[in-house]
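>>> sequence below, structure please.
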Amino acid sequence: MEVGLIYPHQLYKHYCHFPPHVYVVEDDLYFNQYNFHLQKILLHRASMQYYASRLKAGGHVVHYIEAQDQRAQTHHLFEYLAAHHVTTIHYADTTDYLLERRIQRCARRHQIRLNRYPSPNFIGDLSYFEQGNKYFMASYYKSERKRLQLLMNGNRPAGGKWSFDTENRKKMPANVAIPSLPIFHYDHFEVAQHYVQKHFGHNRGKITQFNYPVTHRQAERMLIFFLKEKLSHFGAYQDAIVKREHYLFHSILSSSLNIGLLSPQTIIQKTIRFGSRHRIPLNALEGFIRQVIGWREFMRAVYIKEGSKQRTMNFFGFTRKIPSCFYTGETGIPPIDNIIHSLLENAYVHHIERLMVLGNFMLLCEFDPNEVYQWFMEYFIDSYDWVMVPNVYGMSQFADGGMMSTKPYISSSNYILKMSDYKRGPWCEIWDALFWRFLHVHHELIKHNPRLSMLKIAPAKQRHYMEVAEEYLARICEELQPTGK
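Numbers count the residues shown, from 1 in each chain. All right, here's what the predicted structure looks like:
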């Protein structure tokens with residue numbers, strides 16, 4: 001007997017490899033591995049229920065396995081399938097190191113044949129890194145633009161530049177109106193919500209503000225909304241930070257894209273077509289395309305090639321646990337606390353808030369990168385292993401020692417003040433103290449980086465900052481982590 005196997009992040013619109021019998025699995029890694037945000041669990045539950053009904057309408061016999069069923073664990077699932085005379089499983093590449101290992105191991109144990117198909121969720125060329133190329137996103141992005149012939153004039157980039165990033169760092173003006181997101185209505189939402197509250201009621205976050213696409217049609221509606229209402233301003237303000245607004249002109253498509261409700265091909269094709277018809281500024285068009293085929297595909301490539309190694313690295317040797325104030329939003333640092341409160345409400349903040357606020361500050365606090373990885377996995381609607389391993393261990397925490405970036409992404413409070421509407425206050429001294437302490441304590445590890453080693457400060461100021469930083473770290477680390485961690 002042959003069956004299809006579908007995981008929570010594989011809800012593809014066009015999938016021609018399904019046998020009549022299909023198993024849709026609330027796999028343990030996606031529901032129970034960590035204390036995932038309630039909205040993340042709800043996203044999976046609601047979208048998987050929709051997908052199962054779609055498969056049934058298409059004539060498939062759907063076997064839906066809930067997270068509480070022991071078959072949600074791979075070894076129990078394969079034991080069950082073998083006992084029911086399954087000889088062949090059809091499934092898409094999971095882009096998940098641990099899940100893939102489990103599938104392969106269990107298939108060998110039970111002598112089940114695997115037919116694995118390429119994931120429709122990625123279009124990047126992995127062979128680029130088999131040619132000895134280093135992990136530089138800009139080089140990879142340039143290669144992909146050429147290969148896919150996107151925003152090109154022959155062999156040259158449209159507008160004469162590969163990246164318009166220098167034009168995309170504007171602070172958000174007070175008089176620019178930010179469009180409100182479309183409101184989604186859901187079939188059987190109360191049933192899904194009850195399921196999540198019953199089985200995952202102690203998980204992180206709040207569920208009441210949930211407003212993410214859970215069907216293909218809703219995801220496509222969100223894409224069209226972004227193109228019509230946001231894209232033209234996306235470029236200029238993509239790095240902006242606003243105290244009470246975290247969606248800004250960002251697409252909010254990552255949760256849909258990462259579970260297969262949208263494909264990168266669909267996003268790119270519709271974006272390019274819309275941009276050409278509506279005279280979208282090139283810096284906005286290029287900036288968004290770079291997020292999709294540049295950063296997203298680059299992170300997946302690094303994960304595939306180096307993820308299993310990267311996640312074991314700890315360049316600075318940090319072991320500090322994340323204290324409870326980082327779970328409740330009571331750190332005493334307004335930019336951090338506001339972001340945490342937004343995450344608890346919506347499970348989302350944009351990429352600069354992730355990297356240059358949260359990641360930056362966590363690195364300055366010297367948290368164990370494994371702790372940071374789990375924190376990000378638990379708090380974000382769009383978190384998956386392939387996303388968070390390179391983003392945390394590589395980009396934000398520099399735990400890999402520079403495999404994919406030339407220096408740690410750290411800054412003083414000046415960067416936050418420059419890019420946001422936050423006002424200078426006592427929090428700035430703490431942030432600056434942590435920054436200068438970091439440079440001082442880890443001088444031997446970063447002295448060969450000219451951009452960091454050239455920074456100097458008066459000895460008296462350095463001593464004062466050391467005292468402020470040590471007092472802050474001692475105070476927050478007296479707090480215990482919340483239960484359920």
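
>>> which one is K407 nearest to, not counting chain neighbours?
N449 (4.9 Å; CB to CB, 6 or more residues apart in numbering). No exception for glycine: its C-beta is placed from N, CA and C like everyone else's.

>>> distance of the one you found relative to L455?
10 Å (CB to CB, to the nearest Å).

>>> residues contacting the closest residue to M172 other than its chain neighbours?
Spatial nearest neighbour of M172, chain neighbours left out: A240 (4.0 Å); criterion: CB to CB, 6+ apart. For A240, the contacting residues are K170, K171, M172, L248, I352, M419, S420, by CB atoms under 8 Å, 6 or more residues apart in numbering.

>>> 7 Å instead?
Residues counted as contacts of A240 (CB atoms under 7 Å, 6 or more residues apart in numbering) are K170, K171, M172, L248, M419.

>>> from K418, how far out is the fourth one?
For L248, the distance to K418 (CB to CB) stands at 16 Å.

>>> how about the contacts of A240 in a markdown table, adding neighbour count, distance to Q218 and secondary structure?
Formatted as a markdown table, these follow (neighbours: other CB atoms under 10 Å; distance: CB to CB, whole Å; DSSP: H, G, I helix; E, B strand; the rest coil):
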| residue | neighbour count | distance to Q218 | secondary structure |
| --- | --- | --- | --- |
| K170 | 15 | 31 | coil |
| K171 | 16 | 32 | coil |
| M172 | 20 | 27 | coil |
| L248 | 23 | 21 | coil |
| M419 | 22 | 32 | helix |
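
>>> now these as JSON lines including distance to P264 and pLDDT?
Formatted as JSON lines, those follow (distance: CB to CB, whole Å; pLDDT from 0 to 100):
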{"residue": "K170", "distance to P264": "27", "pLDDT": "91"}
{"residue": "K171", "distance to P264": "30", "pLDDT": "93"}
{"residue": "M172", "distance to P264": "28", "pLDDT": "94"}
{"residue": "L248", "distance to P264": "22", "pLDDT": "97"}
{"residue": "M419", "distance to P264": "28", "pLDDT": "96"}
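
>>> possible to save these as CSV with distance to V24?
Formatted as CSV, the contacts of A240 follow (distance: CB to CB, whole Å):
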residue, distance to V24
K170, 44
K171, 45
M172, 42
L248, 35
M419, 42
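
>>> so which of these is the closest to N115?
N115 has its nearest neighbour among these in L248, at 42.8 Å by CB to CB.

>>> show me the contacts for that closest one.
Per CB under 7 Å, 6+ apart, neighbours of L248: M172, I178, Y237, A240, V242, H350.

>>> isn't the third one up against F249?
By that I understand Y237. Yes - using CB atoms under 7 Å, Y237 makes contact with F249 at a distance of 5.4 Å.

>>> sorry, back to before: now the contacts of L248 in TSV, with distance to V214?
Converted to TSV, the contacts of L248 look like this (distance: CB to CB, whole Å):
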residue	distance to V214
M172	30
I178	24
Y237	28
A240	29
V242	27
H350	21
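
>>> adding distance to H194 and secondary structure as columns, could you present the residues you listed in a markdown table?
Putting the contacts of L248 into a markdown table (distance: CB to CB, whole Å; DSSP: H, G, I helix; E, B strand; the rest coil) gives the following:
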| residue | distance to H194 | secondary structure |
| --- | --- | --- |
| M172 | 39 | coil |
| I178 | 33 | coil |
| Y237 | 39 | helix |
| A240 | 38 | coil |
| V242 | 35 | strand |
| H350 | 31 | coil |
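
>>> per-domain residue ranges of the protein.
The chain breaks down by automatic domain parsing into domains covering 2-117, 126-179+230-304, 325-476.

>>> distance to H199 added to these, as JSON lines?
Formatted as JSON lines, the domains of the chain follow (distance: least, CB to CB, whole Å):
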{"stretch": "domain 2-117", "distance to H199": "6"}
{"stretch": "domain 126-179+230-304", "distance to H199": "19"}
{"stretch": "domain 325-476", "distance to H199": "16"}
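
>>> those domains: which one's closest to T215?
domain 2-117 (5.1 Å).

>>> now the helix or strand bottoming out on mean pLDDT in the chain: buried residues?
None of the helices or strands of the chain scores lower by mean pLDDT, DSSP states H and E than helix 450-453, at a mean of 73. Residues of helix 450-453 classed as buried by neighbour count (16 or more other CB atoms under 10 Å): L452.

>>> pLDDT of the helix or strand that that helix is followed by, averaged?
Next helix or strand after helix 450-453 toward the C-terminus (DSSP states H and E): helix 459-476. Helix 459-476 carries an average pLDDT of 96.

>>> roughly how far does the residue nearest to K407 sit from L439?
10 Å.

>>> for Q10, same thing?
Distance from Q10 to L439, by CB to CB: 44 Å.

>>> how about R169?
23 Å.

>>> compare these two (neighbour count), which wins?
Under the criterion of other CB atoms under 10 Å, the comparison of R169 against L439 puts L439 first, with 22 against 15.

>>> what helix or strand does that one sit in?
Using DSSP H and E, L439 sits within helix 426-441.

>>> distance between that helix and the chain's centre?
Between the centre of helix 426-441 and the centre of its chain there are 27 Å (CA atoms, centre = their mean, to the nearest Å).

>>> same check on stretch 132-147?
The answer for stretch 132-147 is 21 Å, by CA atoms, centre = their mean.

>>> sweet, I'm off.
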